[in-house]
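Participant: The sequence and its predicted three-dimensional model are supplied below.
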Amino acid sequence: MIGANLLGSSFGGVLAQIEQTPFVRPHIDWHAVAPELVLLAGGALVTVVDVIGLEKVRRIIPSLTSLVFLAAFVPVLTLWNQQGDLPRVMWDGAYVVDNYSLVLKGLFLLSGYVIVLLSTNYMLEGDYYDSEYYQLISASVLGMLVMTSARDLVSIFVAIELVSIPAYLMAAWRKRDLKSNEAGLKYMLMGVFASALLLYGMSLLYGMAASTKLTDIAAALSIGESKPIFTLAIVFTVVGFGFKVSAVPFHTWAPDTYEGAPTPLTAFLAVASKAAGFVALLNVVIIGFPGQADVVEPLMWVLAAATMTVGNLIAIRQTNIVRMLAYSGVAQAGYMLAPLAVFGDRPGQATSAVVTYLVIYAAMNLGAFAVVIIAARKTGSGEISSYGGLFNYAPGLTVAMTLFLFSLAGIPPVGGWYAKFEIFRVLTDGGSGAGVSLAIIAAVNSVFAAFYYLAILKQMWFMPAPDGDHSRISIPPSLQAALGVTVFVTIVTGSVLIGPLSDITKLADLALP
Amino acid sequence: MFLNQFLFLAAILFCIGVYGVLTRKNGVLVLMSIELILNAVNINLVAFGSFNQDIAGQVFALFIIAVAAAEVGVGLAIVLLIYRNRRSIDVSEADLLQG
């Protein structure tokens, strides 16, 4: 009874608090939220055009969606040009637009654009609903844009759900196909469960800090009372994000979902959705837990070491190229987690290394998936053995795939080596035992990884075609464009554009505003 | 001062929910177990908000209720899809993809 009274009276207290403070319209910086607003309006436009035009507009919906992504990219550029005004802070520090969020917004919009290019022919030629697919992609990318600026538990939660819920639907897109159903089911159950664990951690963080803002949580954590509860909250939060970025031992959904889902969507999950998980993890860890390195670093060390090792060891024995790329993606997530194992002394450098890796990883992995989609148009198969003789009938495609695989393996001069170099640099710079040992594990893993990437190269360059079929592959214009963009970015990020890239990703400490 | 009871209730609900997710084979029951976890979170948030005299906890709980409804809507749609295609919603029978 007393408990009920107490609760009643404190509800009264809270209500009184609301009545006392008159509503003040918060300041909204329209320029700063322009990328999100353009994408939102564009997504709504695509929906309306689809509802009015139905079958007549079916063919223009993909082009319209890609134009929306490019239109939303314009305000990102104008914001980047007005460097002096950054960071733009809104809603009492809950929403921040700074260099870090602009780089990632650009990355997400361009990945969304390439995914639409990859999807166009796949969706038109299969018997699928396609307009809704593009609307859901826009919604999911909108969630990613919000994620890059979210500095508050509520907006991080809403953003991560806005990214995930459309993706659950799209994973099960091939309605009559049992494999696609199963992919959707596994992804949805694991995703929702992960969100629930994450929320439990967030509720404990909120309870201890009495605020949902990450900077307030950082301040409350640094006082150092109630350490056990905070540790519990941090562990739940990191485990929740571990599912989202497919870190071992929470990776089991990833290969199944990747294999069963439509291949363009697999590229979306493996690149954009995973990057969104990393962005959320970076926001929470770098801004929310800066003083808790003694709890977070060992956790990240174990996750990173387990993720890269298990991912690579299982990838070696895969015979299906999509599953192999899925496990390779798990291993790459391990490299991206590694800088967080030493973030305590150099949060800025660790953030830069992860963001650099995300940019290059997006280009090379999207490219590899583009080649898989193109090759499947002829062979209709995802087995690695079906890539035999590819060099004889599609030399250009083989060279492109070779570049992507070299990049994934980290062989200069294509992008991947620079991404790995940044990771090794942040790990070894401090000279701490944890960092150096993790760098050694990562180096050994890179050798393992080269083994299975090179096995595909051997198949493409030296093996005969499985049934002697040497007819050429026709590559539709949208896939040519996707291939062109990804090849270009993969090459220049490893050679001529290293300087500009390192300038763009040189990020100040996030926790400042 | 009476915070403990609420946190204890939430912790018990959370544990029941996690147990349900890990052991149940029926797709709908797994979703219900996840709802239990989300309700544990809501109890936590409202209790903390009330204890700290802060409105943000209740607002966060409202967001969770709304988003959870969307999640379960999508979840049930996928479970229904599975039921139509294989006349069963046993998640342990969904094992076409392995390796």
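Facilitator: Yes, it's here.

Participant: list the contacts for A:P412?
Facilitator: By Cβ atoms under 8 Å, 6 or more residues apart in numbering or on different chains, the contact list for A:P412 reads A:G494. Heads up, the C-betas are built off the backbone N, CA and C, glycines and all.

Participant: which stretches of the chain have low pLDDT?
Facilitator: As the question left the chain open, I've gone with chain A. Counting by pLDDT under 70, chain A contains low-confidence ranges at A:1-20, A:84-85, A:127, A:224-226, A:505, A:507-513.

Participant: wait, chain B
Facilitator: Applying pLDDT under 70 to chain B flags the ranges B:1, B:94, B:97-99.

Participant: Quick check: nearest residue in space to the residue in chain A positioned nearest to chain B, chain neighbours excluded?
Facilitator: In chain A, the residue that lies nearest chain B is A:G207 (3.5 Å; Cβ to the nearest Cβ). In this structure, A:G207 finds its nearest non-sequential neighbour in B:F48, 3.5 Å apart by Cβ to Cβ, 6 or more residues apart in numbering or on different chains.

Participant: which stretches of chain B form helices?
Facilitator: B:3-23, B:27-51, B:56-86 (DSSP state H).

Participant: Need the ones you listed in TSV (columns: mean neighbour count).
Facilitator: Output for the helices of chain B, formatted as TSV (neighbours: other Cβ atoms under 10 Å in any protein chain shown):
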stretch	mean neighbour count
helix B:3-23	16
helix B:27-51	22
helix B:56-86	18
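
Participant: what's around B:S88, how many residues?
Facilitator: 14 (other Cβ atoms under 10 Å in any protein chain shown).

Participant: Check the gap between the spatially closest residue to it that is not a sequence neighbour and B:V91 for me.
Facilitator: Among residues not flanking B:S88 along the chain, B:I82 sits closest, at 7.7 Å (Cβ to Cβ, 6+ apart). From B:I82 across to B:V91, the span is 9 Å (Cβ to Cβ, to the nearest Å).

Participant: Which neighbours do these two have in common?
Facilitator: Residues touching both B:I82 and B:V91 by Cβ under 8 Å, 6+ apart: A:L185, B:G27.

Participant: count of residues packed around A:S474?
Facilitator: Using other Cβ under 10 Å, A:S474 has 9 other residues around it.

Participant: Kindly report the same for A:Q82.
Facilitator: When neighbours are counted by other Cβ under 10 Å, A:Q82 registers 11.

Participant: One more: A:K175?
Facilitator: A:K175: 14 surrounding residues under other Cβ under 10 Å.

Participant: Surely it and B:L80 touch.
Facilitator: No. Contact criterion Cβ atoms under 8 Å: A:K175 and B:L80 do not qualify, at 10.9 Å.

Participant: Nearest spatial neighbour of A:L142, chain-adjacent residues omitted?
Facilitator: Going by Cβ to Cβ, 6+ apart, A:L142 has A:L39 as its nearest residue, at 5.0 Å.

Participant: quick revisit: ok, now which ones touch the residue nearest to B:S88?
Facilitator: Residues near B:I82 by Cβ under 8 Å, 6+ apart: A:N181, A:E182, A:L185, B:G27, B:S88, B:I89, B:A94.

Participant: with these in mind, which one is nearest to A:G468?
Facilitator: Of all those, A:E182 has the smallest distance to A:G468: 34.6 Å, by Cβ to Cβ.

Participant: Okay, and the closest one sits in which element?
Facilitator: Using DSSP states H and E, A:E182 sits within helix A:178-209.

Participant: Find the centremost residue of chain A, please.
Facilitator: The residue lying closest to the centre of chain A (Cα atoms, centre = their mean) is A:A275, at 1.6 Å.

Participant: how about A:M90, phi and psi?
Facilitator: Main-chain torsions, A:M90, degrees, to the nearest 10: phi -130, psi 160.

Participant: Beta-bridge partners for it, please?
Facilitator: Beta-bridge partners for A:M90, by DSSP bridges, are A:Y95.

Participant: Roughly how far does it sit from A:A159?
Facilitator: A:M90 is 15 Å from A:A159, by Cβ to Cβ.

Participant: out of the two, which sits in the busier spot?
Facilitator: Counted by other Cβ under 10 Å, A:M90 and A:A159 do not tie: A:A159 has more neighbours, with 23 against 17.

Participant: So the more buried one is in contact with A:A150, correct?
Facilitator: Yes. Using Cβ under 8 Å, A:A159 is in contact with A:A150, at 5.2 Å.

Participant: Mutual contacts of these two, please.
Facilitator: A:A280.

Participant: how about the closest residue to chain A within chain B, what does it touch?
Facilitator: Nearest residue of chain B to chain A, counting by Cβ to the nearest Cβ: B:F48, 3.5 Å away. Applying Cβ under 8 Å, 6+ apart to B:F48 gives the contacts A:S203, A:Y206, A:G207, A:A210, B:L3, B:D54, B:G57.

Participant: which residues touch the first one?
Facilitator: Think A:S203. Taking Cβ under 8 Å, 6+ apart, we find A:S203 in contact with B:A10, B:V41, B:N44, B:L45, B:F48, B:F60.

Participant: got it, and the fifth one?
Facilitator: Taking Cβ under 8 Å, 6+ apart as the definition of contact, the neighbours of B:L3 are B:A47, B:F48, B:F51.

Participant: thinking again about what came up before, the helix holding A:E182: what's the following helix or strand?
Facilitator: helix A:214-223.

Participant: How about that following helix and chain B, any contact?
Facilitator: No. Counting by Cβ under 8 Å from any Cβ of the partner chain, chain B has no neighbours in helix A:214-223; the shortest distance is 10.0 Å.

Participant: Excluding its own residues, what touches that helix? List them.
Facilitator: Helix A:214-223 is contacted by residues A:93, A:151-153, A:205, A:208-211, A:230, A:283-284, A:287-292, A:511, A:513 when judged by Cβ under 8 Å, 6+ apart.

Participant: Against A:T307, how distant is A:Q459?
Facilitator: For A:Q459, the distance to A:T307 (Cβ to Cβ) stands at 27 Å.

Participant: And those two? Which one has more around it.
Facilitator: Set side by side, A:Q459 and A:T307 show more neighbours around A:T307, with 28 against 19, by other Cβ under 10 Å.

Participant: secondary structure element for that one?
Facilitator: Using DSSP H and E, A:T307 maps to helix A:293-316.

Participant: Export only the CA atoms of that helix, formatted as CSV.
Facilitator: Output of helix A:293-316 as CSV, limited to C-alpha atoms (Å, rounded to 0.1, in the frame of the first residue of the first chain):
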residue,chain,number,x,y,z
ALA,A,293,37.5,1.7,-20.5
ASP,A,294,38.3,-0.9,-17.8
VAL,A,295,35.0,-2.6,-18.4
VAL,A,296,34.5,-2.0,-22.1
GLU,A,297,38.0,-2.7,-23.4
PRO,A,298,38.4,-6.4,-22.2
LEU,A,299,34.8,-7.1,-23.5
MET,A,300,35.7,-5.7,-26.9
TRP,A,301,39.0,-7.5,-26.9
VAL,A,302,37.3,-10.8,-26.4
LEU,A,303,34.5,-10.0,-28.9
ALA,A,304,37.0,-8.8,-31.6
ALA,A,305,39.4,-11.7,-31.2
ALA,A,306,36.6,-14.3,-31.2
THR,A,307,34.8,-12.6,-34.1
MET,A,308,37.7,-12.4,-36.5
THR,A,309,39.0,-15.9,-35.7
VAL,A,310,35.7,-17.8,-35.8
GLY,A,311,34.5,-15.9,-38.9
ASN,A,312,37.6,-16.7,-40.9
LEU,A,313,37.8,-20.4,-39.8
ILE,A,314,34.2,-21.1,-40.8
ALA,A,315,34.6,-19.1,-44.0
ILE,A,316,37.4,-21.4,-45.2
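
Participant: which helices and strands sit right next to the helix or strand following that helix?
Facilitator: Going down the chain from helix A:293-316, the next helix or strand is helix A:321-337, by DSSP H and E. For helix A:321-337, the elements it packs on are helix A:253-260, helix A:263-268, helix A:274-282, helix A:293-316, helix A:347-379, helix A:416-429, helix A:433-462, judged by 3 or more Cβ pairs under 8 Å, 6 or more residues apart in numbering or on different chains; DSSP states H and E.
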